[in-house]
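Engineer: following is a predicted model, sequence given first.
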Amino acid sequence: MKIRIDSSTVSLSRSELAVAFAAPRARPDLGPALTEFVERAFATGDVATDARKTSVFHRGVGAKGEPKRLGFVGLGDRKSIDTESIRRAAAVAQSLAESAGVASFDLLVDAADHGAVDAFAAGMAVAEGMILGAYRYEPPRKEKPKARKGQSAAIRYSGKAKAEFERGVKLGVIAAEATVHARDVENMPGNLANPTYLAKQAQRLNGAKVKVKVLEKKDMERLKMGALLGVARGSVEAPKLVLLDYHPAGAKRTVCVVGKGLTFDSGGISIKPSGKMDEMRYDMCGAGAVLGLFQALAKGGMAGAKGKVRIVGLIAAAENMPDAAAQKPGDVVRAMDGTTIEVLNTDAEGRLVLADALAYAVKTYAPDQIVDLATLTGAVIVALGHEAAGIMGNDEGHIRSLIDAGAAADEPLWQLPLWDAHKEQVKSKFADLANINGGHHGNGTIAGAAFLSFFVGDTKWAHIDIAGTAWGGRARDYYKSGAAGTAVRTLLHWCRGLR
Ligand code: BES
Ligand code: MN
Ligand code: ZN
């Protein structure tokens, strides 16, 4: 999907299709040639104004300065307009153009269309809606896929805050394309998207703004990353610890963003049931979020941001498989910071790879703040379903800033407690820690966070469990099915707010 900003002020041109938004008791201004038509179409009730409802009018051939077809997408009651409804309406506009069979279309946005939402946020939501809505995963097939319609749009804004709106569109394009990239990598099967592939995807981002380095198995051995290496033991795929560094001149603060990158999680010796095991290809969606964020950073996603901050991404990539060489329940491993861990369940592997990644982040970068993202527990789906990701941590201000970023992106985060009592649950008789809390406690998601908390020391840290939001959510126009590319936009909002 390609989006162009049309800054011209002339009235409509003769395009194949122009789409405008429609709200009750409001008439979009489509220029003098169409004023009378618009008035009549609304008055007769032929223009649907309910949210997401579409109407199309054929204007025939001949008339100059008029689109051949005029489409409307309902916005619903003006009071209910928010970034989510704008994003969805824009996605519906793209899909209307695609089903109308036109190659390209005009999208007309009026200042009145975004209600109380500011022009910048509205511009972002419009671009995101169209690009994310147009996204389809192209699976590997024998036949080349057919070229799709409706993949090119020119957005034109009428209103005072035009410059603001257009800046929003530009950032929305960056954010959405980064999310699309994350979705593509996330949707790929585990045999194709292995740890080496994740490292290659990161290396593509190496350039002027982002520097990428990959730690190999031998580096992990030198660093004594026994927890990460223990997980990878059962697989023929070499683990990778990918480091992405966005370091603007004059940055005085550093944050680390750490992603769980299990390119397949069979459970290991504590093997998972076979039903839906294929979904464990998605167990790298934390890594996907980090990759997406850094694509956005590489492509100018920090333009106009508040402060200058060094942002370091870490992707702990491995495959969890059962094998003669695989680690076994009861094995004790040692993380790079010296902490010993009793591996009571080899399926609680995410926290093991993150233990070394977090310890490495703290030691290497001495960050001011860390956030990790992981498809860590099935329990978070029991607690929160697919509507919100769980967030826990050791600093309320840090957690709050992430919740706010999630709200700005319409990717809700919901806080769960993390108390000393929870941390006690993951202590072990056979090592410093056990990697599970024992079923009788419950609180599986919090136990995962409690375990991770031991590897960040005093650093301000938050853990986001995205197992419910990374895939399998309800369809909402700009998301259909499969991987969501979740948290890319949240992380970008958060990074832009750092100072
Ligand atoms: N990747 C899974 C978590 C998961 C499960 C995400 C289902 C999405 C859907 C993780 O590695 C895992 O297996 N966690 C275990 C932890 C348990 C052994 C304490 C789980 O959730 O069952
Ligand atoms: Mn697992
Ligand atoms: Zn896992």
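Structural biologist: Received it, and whenever you're ready, just let me know what you need. This is a predicted model, so every value here is computed, not measured. Ligands and ions are numbered 1, 2, ... in the order given.
Engineer: tally of neighbours for Ser274?
Structural biologist: The number of residues packed near Ser274 is 8, by other CB atoms under 10 Å. Where C-beta positions appear, they are placed from N, C-alpha and C, glycine not excepted.
Engineer: residue contacts, it?
Structural biologist: Residues near Ser274 by CB atoms under 8 Å, 6 or more residues apart in numbering: none.
Engineer: what about it, which helix or strand?
Structural biologist: Ser274 belongs to no helix or strand when assigned by DSSP states H and E.
Engineer: again, but for Leu352
Structural biologist: Assigned by DSSP H and E, Leu352 falls in helix 350-365.
Engineer: now the strands for the stretch 151-300 of the chain?
Structural biologist: Counting by DSSP state E, counting those that start in this stretch, the stretch 151-300 of the chain has strands at residues 152-158, 210-215, 240-246, 253-265.
Engineer: quick one: find the helix or strand in this protein with the lowest mean pLDDT.
Structural biologist: helix 32-43 (a mean of 91; mean pLDDT, DSSP states H and E).
Engineer: now for that one, which elements pack on it?
Structural biologist: Where contact means 3 or more CB pairs under 8 Å, 6 or more residues apart in numbering; DSSP states H and E, helix 32-43 is packed against strand 54-58.
Engineer: in the stretch 101-250 of the chain, what residue lies closest to ligand 2?
Structural biologist: Going by CB to the ion, ligand 2 is nearest to Val231 of the stretch 101-250 of the chain, at 9.3 Å.
Engineer: which one is that residue nearest to, not counting chain neighbours?
Structural biologist: Glu349 (4.5 Å; CB to CB, 6 or more residues apart in numbering).
Engineer: got the contact list for whichever residue of the stretch 301-450 of the chain sits closest to ligand 3?
Structural biologist: In the stretch 301-450 of the chain, no residue comes nearer to ligand 3 than Gly350, which is 4.4 Å away by CB to the ion. Shown in contact with Gly350 (CB under 8 Å, 6+ apart): Lys260, Leu262, Asp265, Asp283, Ala374, Thr375, Leu376, Gly448.
Engineer: picking that back up, residue contacts, the residue nearest to Val231?
Structural biologist: Neighbour list for Glu349: Val231, Leu262, Asp265, Gly268, Ala318, Asn320 [criterion: CB under 8 Å, 6+ apart].
Engineer: mind listing the helices for this structure?
Structural biologist: With helices called from DSSP state H, the chain shows them at 32-43, 83-100, 119-134, 162-187, 195-203, 217-222, 226-232, 285-298, 350-365, 379-384, 396-408, 420-424, 444-453, 488-497.
Engineer: deepest of the ones you listed, which one?
Structural biologist: helix 285-298 (a mean of 30; mean count of other CB atoms under 10 Å).
Engineer: which single residue of the stretch 201-350 of the chain ends up nearest ligand 3?
Structural biologist: Proximity of the stretch 201-350 of the chain to ligand 3 (CB to the ion) peaks at Asp265, 3.6 Å away.
Engineer: what's around Phe57, how many residues?
Structural biologist: 16.
Engineer: beta-bridge partners for it, please?
Structural biologist: Leu70 (DSSP bridges).
Engineer: is it correct that it is in contact with Arg69?
Structural biologist: Yes: with contacts counted by CB atoms under 8 Å, Phe57 reaches Arg69, the gap being 6.7 Å.
Engineer: apart from its chain neighbours, what residue comes closest to Glu138?
Structural biologist: Per CB to CB, 6+ apart, closest to Glu138 is Pro145, 5.5 Å.
Engineer: now do Lys328
Structural biologist: Ile269 (5.4 Å).
Engineer: cool, Val456 as well?
Structural biologist: Leu358 is the one closest to Val456 (CB to CB, 6+ apart), at 5.4 Å.
Engineer: surely that neighbour touches Phe455?
Structural biologist: Yes: at 4.1 Å, Leu358 counts as touching Phe455 under the criterion of CB under 8 Å.
Engineer: kindly report the domain assignment for the chain.
Structural biologist: As given by automatic domain parsing, the domain ranges for the chain are 2-176, 193-496.
Engineer: residues contacting the residue lying closest to Asn443 once chain neighbours are set aside?
Structural biologist: Of all residues not flanking Asn443 in the chain, His422 sits nearest, at 6.5 Å (CB to CB, 6+ apart). Listed by CB under 8 Å, 6+ apart, the contact set of His422 reads Asn437, Asn443, Ile446, Ala447, Ala449, Ala450.
Engineer: okay, the residues you listed in TSV with distance to ligand 2 next?
Structural biologist: Below are the contacts of His422 laid out as TSV (distance: CB to the ion, whole Å):
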residue	distance to ligand 2
Asn437	15
Asn443	17
Ile446	17
Ala447	13
Ala449	15
Ala450	17
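Engineer: how about the residues of this structure by ligand 2?
Structural biologist: Residues of the chain lying close to ligand 2 by CB under 5 Å from the ion are Asp265, Asp347, Glu349.
Engineer: cutoff 8 Å now
Structural biologist: Proximity of the chain to ligand 2 (CB under 8 Å from the ion) is limited to residues 262, 265, 267-268, 272, 280, 283, 320, 346-350.
Engineer: report the beta-bridge partners for the residue of the stretch 201-350 of the chain closest to ligand 3.
Structural biologist: Going by DSSP bridges, Asp265 forms beta bridges with Asn320.
Engineer: my guess is Thr340 contacts Arg334, does it?
Structural biologist: Yes: shown here, Thr340 and Arg334 form a contact pair, counting by CB under 8 Å, at 5.1 Å.
Engineer: could you check which of those two has the larger neighbour count?
Structural biologist: Arg334 (18 against 15).
Engineer: hang on, the earlier thing: which of the residues of the chain next to ligand 2 come close to ligand 1?
Structural biologist: Restricting these to those near ligand 1 by CB under 6 Å from any ligand atom leaves Asp265, Asp283, Asp347, Ala348, Glu349, Gly350.
Engineer: just to revisit the earlier point, what's the angle from the least confident helix or strand of the chain to strand 54-58?
Structural biologist: Following axes from the mean of the first three to the mean of the last three CA atoms, to 10 degrees, one obtains 130 degrees for the angle between helix 32-43 and strand 54-58.
Engineer: send me helix 32-43 as CSV with only the CA atoms.
Structural biologist: Backbone C-alpha positions of helix 32-43 (Å, rounded to 0.1, in the frame of the first residue of the first chain) are rendered in CSV as follows:
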residue,chain,number,x,y,z
PRO,A,32,-18.7,23.4,-5.8
ALA,A,33,-19.2,20.8,-8.5
LEU,A,34,-20.5,18.3,-6.1
THR,A,35,-22.2,20.4,-3.4
GLU,A,36,-25.7,19.9,-4.7
PHE,A,37,-25.2,16.2,-5.3
VAL,A,38,-23.8,15.7,-1.8
GLU,A,39,-26.7,17.7,-0.3
ARG,A,40,-29.3,15.5,-2.1
ALA,A,41,-27.6,12.2,-1.4
PHE,A,42,-27.5,13.0,2.3
ALA,A,43,-31.0,14.4,2.4
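Engineer: which other residues reach that helix?
Structural biologist: 11-12, 22, 27-30, 47, 55, 57, 59, 63, 65-66, 70.
Engineer: follow-up on the earlier one: and which of the contacts of Glu349 is nearest Val173?
Structural biologist: Nearest to Val173 among the contacts of Glu349, counting by CB to CB, is Leu262 at 30.4 Å.
Engineer: and that closest one, what does it touch?
Structural biologist: Leu262 sits next to Val231, Met280, Asp283, Met284, Ala317, Ala318, Glu319, Asn320, Glu349, Gly350, Val353, Thr375 when contact means CB under 8 Å, 6+ apart.
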